[in-house]
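>>> A predicted structure for the sequence below; I have some questions about it.
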There are 2 protein chains.
Amino acid sequence: MSANGLRERYQAYLDCLNCQAWAELGRHVHEAVEHNGRPLGLAGYHAMLEGDHAAIPDLCFVARLLVVEAPWLGARLDFDCTPWGKLFGLAVNGRQVRFSEHVFYRFENGRIREVRSVIDTAAIAAQLMVG
Amino acid sequence: MSANGLRERYQAYLDCLNCQAWAELGRHVHEAVEHNGRPLGLAGYHAMLEGDHAAIPDLCFVARLLVVEAPWLGARLDFDCTPWGKLFGLAVNGRQVRFSEHVFYRFENGRIREVRSVIDTAAIAAQLMVG
């Protein structure tokens, strides 16, 4: 698939997440998807995403940077949200926080087969300390 | 510059870091380089790298994944090292830790002009807790 094709596939995946259109998740994510080395599979991946939305009611996935070289796509995602309770072990408790995720996806036949994600939890901790 | 050209330029940059060949850093890094939005400039960037090597005597930069789409290059760097004292505010004190950095570089005329980096500090904290 071309770089532009992957870019379109990825934006369709983000739209699916933002609309919480879980019935369509399998169009974007492979049944045997792995996340940071864990073999979650589609059901486990779906559960992880639903948990994210439950913890962060105003969660919105926005890609600020895309770097595409098939079969890989790298993205910088910027979040600006108000999570309930704890997030990544940090007591956010409804405060507004901003942080980034740097994530690489490997596509297989147009679907996400592997995800490698690092989240800037240190930025969240720093925002909680200064507040 | 082609994707393969950027890949070679980037590997030469990592070689420069691993050899601590600071006199050559200006060949790889732009005078006006920015790091996570901070206008460090070449001198500030050099100082940051020397500080990293001082804190982590066995620091070695190894790219496990490169995703290239000029002028951007995304990399997953895996570190396996034994930092002295504190690292990212965590009391590592000479223990062996493994962690990843996901980083995007924007090249300008063959040199690094902008860096956006997220380090998996949560992984380090988890390793210190289980030890």
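It's in.
>>> Now A:L77, what are its backbone angles?
phi -110, psi 130 (degrees, to the nearest 10).
>>> The residue nearest to it when sequence neighbours are not counted is in what secondary structure piece?
Residue nearest to A:L77 in three dimensions, not counting chain neighbours: A:E101, with 4.4 Å by CB to CB, 6 or more residues apart in numbering or on different chains. For the C-beta atoms, the positions are set from N, CA and C on the backbone; glycine is no exception. A:E101 is located in strand A:97-108, with elements delineated by DSSP states H and E.
>>> Which strands and helices lie in contact with the helix or strand just after that strand?
For strand A:97-108, the following helix or strand on the C-terminal side (DSSP H and E) is strand A:111-119. Strand A:111-119 is packed against helix A:25-28, strand A:29-35, strand A:97-108, strand B:97-108, strand B:111-119, with contacts defined by 3 or more CB pairs under 8 Å, 6 or more residues apart in numbering or on different chains; DSSP states H and E.
>>> which strands and helices sit next to the strand holding A:E101?
helix A:3-18, strand A:72-81, strand A:111-119, helix A:121-130, strand B:72-81, strand B:97-108, strand B:111-119.
>>> Just tell me which of these ends up closest to A:D52.
helix A:3-18 (8.7 Å; CB to CB).
>>> before we move on, the earlier item: tabulate the helices and strands packed on strand A:111-119 (TSV), appending distance to B:A3.
Listed next are those as TSV, based on distance: least, CB to CB, whole Å:
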stretch	distance to B:A3
helix A:25-28	26
strand A:29-35	25
strand A:97-108	16
strand B:97-108	11
strand B:111-119	16
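>>> Distance to B:I56 and mean pLDDT for these - can I get that in a markdown table?
Converted to a markdown table, the helices and strands packed on strand A:111-119 look like this (distance: least, CB to CB, whole Å; pLDDT from 0 to 100):
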| stretch | distance to B:I56 | mean pLDDT |
| --- | --- | --- |
| helix A:25-28 | 39 | 98 |
| strand A:29-35 | 28 | 98 |
| strand A:97-108 | 21 | 97 |
| strand B:97-108 | 10 | 97 |
| strand B:111-119 | 12 | 98 |
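>>> got CSV for those, with distance to B:H46 and mean neighbour count too?
Shown next, in CSV, are the helices and strands packed on strand A:111-119 (distance: least, CB to CB, whole Å; neighbours: other CB atoms under 10 Å in any protein chain shown):
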stretch, distance to B:H46, mean neighbour count
helix A:25-28, 43, 18
strand A:29-35, 36, 18
strand A:97-108, 24, 20
strand B:97-108, 16, 20
strand B:111-119, 12, 19
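>>> of all the ones you listed, which lies closest to A:L59?
Short answer: strand A:97-108, nearest of these by CB to CB, at 11.5 Å.
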